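1. let's see this in three dimensions:
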Amino acid sequence: MSIQNKAITVSEVMLELNSTPKTQGKTLLKETLEIMDKHRLGIVCITRSDGSLDGVITDGDIRRMLNAVQKPIAALMSDDTITHVVRNALTVSPSTSLSDAIALMGQKKVWDLPVVDNDKLIGLLHLHPAIEAVIGSNS
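-> Next up, the predicted model:
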């Protein structure tokens, strides 16, 4: 895919922090799933008390966990989310060009990228609005 307008940055398209599905690691996994469902995205960003990104958990992570962990579902729901978080999540900065971010999403086959600035979570880049921005800029 060739993106003509390289001037668009992630900050122009990302979901703002108040619209980003997020919680802290000590949240029950059941509550984290409710946050994921509320936002209708397959991801929740896990933050520390200072707002820095601790990791992410996706619906795919949960499916893989259910297949791997031999534990009753009710017991899993009472786990702290941090137990199942993917640390060192793939992220982008707000100044990253949208074309580079979309290329990274394609290369890594992900739909969402947490946006961090000085180690703090500031938003989330979701593939659909990113594509809409590109299509709109080429029209």
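2. contacts and neighbour counts: CA atoms only from here.
-> Noted.
3. okay, strands next: where are they in this protein?
-> 15-16, 22-24, 43-47, 53-58, 112-117, 120-126 (DSSP state E).
4. of all those, which one is nearest Ala68?
-> Of all the strands of the chain, strand 53-58 sits nearest to Ala68, with 15.3 Å by Cα to Cα.
5. poorly predicted segments of this structure, please.
-> Counting by pLDDT under 70, the chain shows low-confidence ranges at 1-6, 137-139.
6. reformat the strands of the chain as TSV; add distance to Glu34.
-> Formatted as TSV, the strands of the chain follow (distance: least, Cα to Cα, whole Å):
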stretch	distance to Glu34
strand 15-16	19
strand 22-24	11
strand 43-47	10
strand 53-58	12
strand 112-117	18
strand 120-126	18
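7. in CSV: these, plus distance to Leu104 and mean neighbour count.
-> What follows is the strands of the chain, written out as CSV (distance: least, Cα to Cα, whole Å; neighbours: other Cα atoms under 10 Å):
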stretch, distance to Leu104, mean neighbour count
strand 15-16, 18, 17
strand 22-24, 22, 21
strand 43-47, 17, 25
strand 53-58, 17, 22
strand 112-117, 9, 22
strand 120-126, 12, 24
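8. among those, which is nearest Arg64?
-> It's strand 53-58; of these, that one is closest to Arg64 (Cα to Cα) at 9.9 Å.
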